[in-house]
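Trainee: From the sequence below, what's the structure:
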Amino acid sequence: MDNIELIIRNGQTIYNPCVEEGITWETERKNSPGKLTFNIMADGILKIEEGNPVRLKVNDNSIFYGFLFSRTMNKDNTIKIVAYDQLRYLKNKDTIVYTNKTASDFIKMLAEDFNLNLGLIEDTKYVLESRVEDNSELFSMVDIALTLTTQYEKKIYVLYDDFGKLTLKNIESMKLPLLYDKDTMEDYNYSSSIDNNTYNQVKLSFDNKDTGKRDIYMAKDSSNINKWGVLQYYDKLNVESLGQSKADGLLALYNKPAKSLSIKNVLGDLRVRAGTSILVKLDLDETDKIRYMVVEKAKHVFKDNEHLMDLTLRGGAFNV
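Mentor: Have a look, this model is predicted:
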């Protein structure tokens, strides 16, 4: 049985409430905060309110640190608690203009402006020359900065909250030595599609004020065009630099079927969260080999002396 320590702090008072029906911890790789949900009994002693810090440790491992955002009580005096980690504050909206910053620099700037605690922020290197983010969620702003970095650098970064500290890591450094196959899965669902986010031809344009002409940058895969027809990605560039490099990078990212795999009720591992990668082996066409796949969503359930996970996976041969 896992040794679970759940604490809610209200001012100087610390509560260790008795949890009913288990604890659920959920993470997503992009644009969503970590979420902790659980039910407790209102006993006349417990005095909690929105904004209270909530902490979860399992077997002395620091799992979740966040804040109480909602509580719902029914006639049986059961209170449903929903807490989110720091990423919840990236749902704030604002208008921000910035110049010559990397995605790492931009995240640090947001942390300072919105009083967020920082942990390890890896250097994303690619410099964004000029951005105007108008009336947008901070999540969206960060996603744009990281997406542009991926398109030019061909590296994917994951932003997450590590027990109360915003953390940014290269996805390649988040691989875990864990293997799951049919024998360890209660159920799974696999899909493969070229209907969304698959492109075998990339066309970028730039209105060149110096020449008065429109510059075009192209990248394509003739073999896949013969198989699927033309699936074109088109965009207009605000700056000319590295236009062909961006086209080549986009083709490398999107020139493959979009594939996903969801698995349910596998044995839980505390290291698994959105953004980590695990090894998967399934006897499904090209997925019959052992390969790393990225955890897009992770749901951990601690209940009845069990720790189980539901995972949505992409990566490796699966698009991220």
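
Trainee: all contacts plus neighbour counts: C-alpha atoms, from now on.
Mentor: Fine.

Trainee: Please list all residues in contact with the nearest residue to K259 once chain neighbours are set aside.
Mentor: Nearest residue to K259, sequence neighbours excluded (C-alpha to C-alpha, 6 or more residues apart in numbering): S192, at 4.4 Å. Taking C-alpha atoms under 8 Å, 6 or more residues apart in numbering, we find S192 in contact with 257-260.

Trainee: Same list (the residues you listed) but as a markdown table, adding secondary structure.
Mentor: Compiled in a markdown table, those are given as follows (DSSP: H, G, I helix; E, B strand; the rest coil):
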| residue | secondary structure |
| --- | --- |
| P257 | coil |
| A258 | strand |
| K259 | strand |
| S260 | strand |
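
Trainee: Tell me the secondary structure at Y152.
Mentor: Look at Y152: counting by three-state DSSP, its state is helix.

Trainee: What's the local residue count around it?
Mentor: Using other C-alpha atoms under 10 Å, the number of residues around Y152 comes to 19.

Trainee: Hmm, it is touching Q244, no?
Mentor: No. Applying C-alpha atoms under 8 Å, one finds Y152 not in contact with Q244, separated by 9.9 Å.

Trainee: ok, P257 touching S193?
Mentor: Yes. Between P257 and S193 there is a contact at 5.3 Å, judged by C-alpha under 8 Å.

Trainee: out of these two, which sits in the more crowded spot?
Mentor: P257 (18 against 12).

Trainee: State the distance from that one to E28.
Mentor: Here the distance between P257 and E28 works out to 22 Å (C-alpha to C-alpha, to the nearest Å).

Trainee: Kindly report the same for L110.
Mentor: Taking C-alpha to C-alpha, one finds L110 at 20 Å from E28.

Trainee: For the two, indicate the residue with more neighbours.
Mentor: Taking L110 and E28 together and counting by other C-alpha under 10 Å, E28 has the greater number of neighbours (20 against 16).

Trainee: Run a quick check on the more buried one versus L87, I expect a contact.
Mentor: No. Counting by C-alpha under 8 Å, E28 sits too far from L87 to count as a contact (10.8 Å).

Trainee: overlap in contacts of those two?
Mentor: Contacts common to E28 and L87, judged by C-alpha under 8 Å, 6+ apart, are G34.

Trainee: The residue nearest to L311 when sequence neighbours are not counted - how many residues pack around it?
Mentor: If the residues on either side of it in the chain are set aside, L311 comes closest to A298, at 4.8 Å by C-alpha to C-alpha, 6+ apart. For A298, the neighbour count with other C-alpha under 10 Å is 24.

Trainee: for A298, what are its contacts?
Mentor: If you count contacts by C-alpha under 8 Å, 6+ apart, then A298 has 26-28, 272-274, 309-312 around it.

Trainee: and with 7 Å instead?
Mentor: 26-28, 273-274, 309-312 (C-alpha atoms under 7 Å, 6 or more residues apart in numbering).

Trainee: likewise P53?
Mentor: So P53 contacts 8-9, 66-68 (C-alpha under 7 Å, 6+ apart).

Trainee: Tabulate those residues in JSON lines, adding columns for pLDDT, neighbour count and distance to L237.
Mentor: Formatted as JSON lines, the contacts of P53 follow (pLDDT from 0 to 100; neighbours: other C-alpha atoms under 10 Å; distance: C-alpha to C-alpha, whole Å):
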{"residue": "I8", "pLDDT": "97", "neighbour count": "22", "distance to L237": "49"}
{"residue": "R9", "pLDDT": "97", "neighbour count": "19", "distance to L237": "49"}
{"residue": "G66", "pLDDT": "98", "neighbour count": "26", "distance to L237": "39"}
{"residue": "F67", "pLDDT": "98", "neighbour count": "24", "distance to L237": "40"}
{"residue": "L68", "pLDDT": "98", "neighbour count": "21", "distance to L237": "42"}
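
Trainee: which one of those sits closest to I121?
Mentor: Distance to I121 across these (C-alpha to C-alpha) is lowest for G66, with 19.3 Å.

Trainee: picking that back up, any buried residues in the helix or strand hosting the residue nearest to K259, and which?
Mentor: Take DSSP states H and E as the rule and S192 turns out to sit in strand 187-193. Under the neighbour-count criterion of 16 or more other C-alpha atoms under 10 Å, strand 187-193 has Y188 buried.
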